[in-house]
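Novice: For reference, the sequence and a predicted model appear below.
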Amino acid sequence: MIARFAQPGRLEGIWLRPERLERPVVARSAVVVDAGLEGDHGRAGKRAVTLIQAEHLPVIGAMLGQGAIDPAVLRRNLVVSGVNLSALKGRQVAVGGAVLEITGICAPCSRMEAALGAGGYSAMRGHGGWCASVVGSGEIAVGDAVLPV
C-alpha cells in the first residue's frame, strides 16, 4: 500500500534563486543538473533542489491569519500538487525529464519570521517542504507530471 498513489502529481511552479538572499525568480521551465537547477545558487548533494506542496501554502497562511502564501517568499525551487511528498521520502521521483530523490525535510530558517511575520517560523514547521538530490538530469516545465519511480 505504501507504494501506491491515487494520481500523479503536477509541477505547479518553478523558482530560481540567482543569488543567496535574493528574491526568487519565477520560471516556466528549467534544466536540472547535478548541482540543482541551472541559474539557481543551489549546490549538489542532499539539498540540490527544494520542493513544497501547493496544498500547504493555504495551511501556512491560515496559521498566520492570512490567505495562501506566495511560494516565492518561502524560497523553495519547485511547487508540486496532487501527490504527497512526505510519502516519497527516501524514494526517487520523476519530474518532467529529471529524476530526484527526496532526501529529507526542508526545515524553515529564522528568515521565515521576517518574511512571514510573527509566528512565521512556527507556521512553517511540518509544512516547509522537502529537499532532494539529483539522480538524473533533464528538462522540467510547469505542468509536468510528478511520478514516483
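Specialist: Yes, it's here. Residues are numbered from 1 along each chain as shown.

Novice: Name whatever forms a beta bridge with the residue nearest the centre of the chain.
Specialist: Among the residues of the chain, the one closest to the centroid is Leu51, at 1.2 Å (CA atoms, centre = their mean). Leu51 has the following beta-bridge partners by DSSP bridges: Leu78, Trp130.

Novice: tell me what the helix ranked longest in the chain is packed against?
Specialist: Counting by DSSP state H, the longest helix found in the chain is helix 56-63. Applying 3 or more CB pairs under 8 Å, 6 or more residues apart in numbering; DSSP states H and E, one finds that helix 56-63 contacts helix 120-124. Where you see a C-beta, it was placed from the backbone N, CA and C, and this is true even at glycine.

Novice: Surely the residue nearest to the centre of the chain is in contact with Asn84?
Specialist: No - with contact defined as CB atoms under 8 Å, Leu51 does not count as touching Asn84 (11.7 Å).

Novice: looking at it, Gly119 is touching Gly61, isn't it?
Specialist: No - with contact defined as CB under 8 Å, Gly119 does not count as touching Gly61 (11.5 Å).
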